[in-house]
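Enquirer: Fold the following and give me the result.
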Amino acid sequence: MMDSLLSLRVFAAGAELRGFAAAAGRLKLSAAMAGKHRQKLEKCSRRGCRNEPAGASA
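Expert: Purely as a prediction, here's the structure:
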């Protein structure tokens, strides 16, 4: 399960730095992981998100 707060931090840094590659560098993540966090937020914006306990399936 991805951390929703980290996903929001990636998004905010991407907006501030005008790119997710730069955001990944700032947050010490790979560009691929930053992209996964961005995709998670995009998916949530379409269908809604909720935090679930670890191990729960969505």
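Enquirer: chain center to the helix ranked longest in the chain: distance?
Expert: Secondary structure assigned by DSSP state H gives helix 31-47 as the longest helix of the chain. The chain centroid and the centroid of helix 31-47 are separated by 5 Å under CA atoms, centre = their mean, to the nearest Å.
Enquirer: Now do that helix, average pLDDT.
Expert: For helix 31-47, mean pLDDT rounds to 88.
Enquirer: Just name whatever secondary elements it is in contact with.
Expert: helix 4-17, helix 20-26 (3 or more CB pairs under 8 Å, 6 or more residues apart in numbering; DSSP states H and E). C-beta here means a position set from N, CA and C on the backbone, and glycine is covered the same way.
Enquirer: Mind checking those for the one nearest to residue 40?
Expert: Among the helices and strands packed on helix 31-47, helix 4-17 comes nearest to residue 40, with 5.1 Å by CB to CB.
Enquirer: quick check: angle from the closest one to helix 31-47?
Expert: 110 degrees (axes from the mean of the first three to the mean of the last three CA atoms, to 10 degrees).
Enquirer: Report all helices and strands that helix 4-17 contacts.
Expert: On a contact count with 3+ CB pairs under 8 Å, 6+ apart, helix 4-17 meets helix 20-26, helix 31-47.
Enquirer: okay, those in JSON lines with distance to residue 13 and mean neighbour count next?
Expert: Below are these laid out as JSON lines (distance: least, CB to CB, whole Å; neighbours: other CB atoms under 10 Å):
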{"stretch": "helix 20-26", "distance to residue 13": "4", "mean neighbour count": "17"}
{"stretch": "helix 31-47", "distance to residue 13": "8", "mean neighbour count": "14"}
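Enquirer: I'd like these written out as CSV, with distance to residue 12 added.
Expert: Below are these laid out as CSV (distance: least, CB to CB, whole Å):
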stretch, distance to residue 12
helix 20-26, 8
helix 31-47, 10
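Enquirer: Looking at these, which is nearest to residue 7?
Expert: Residue 7 lies closest, by CB to CB, to one member of the helices and strands packed on helix 4-17: helix 31-47, at 4.2 Å.
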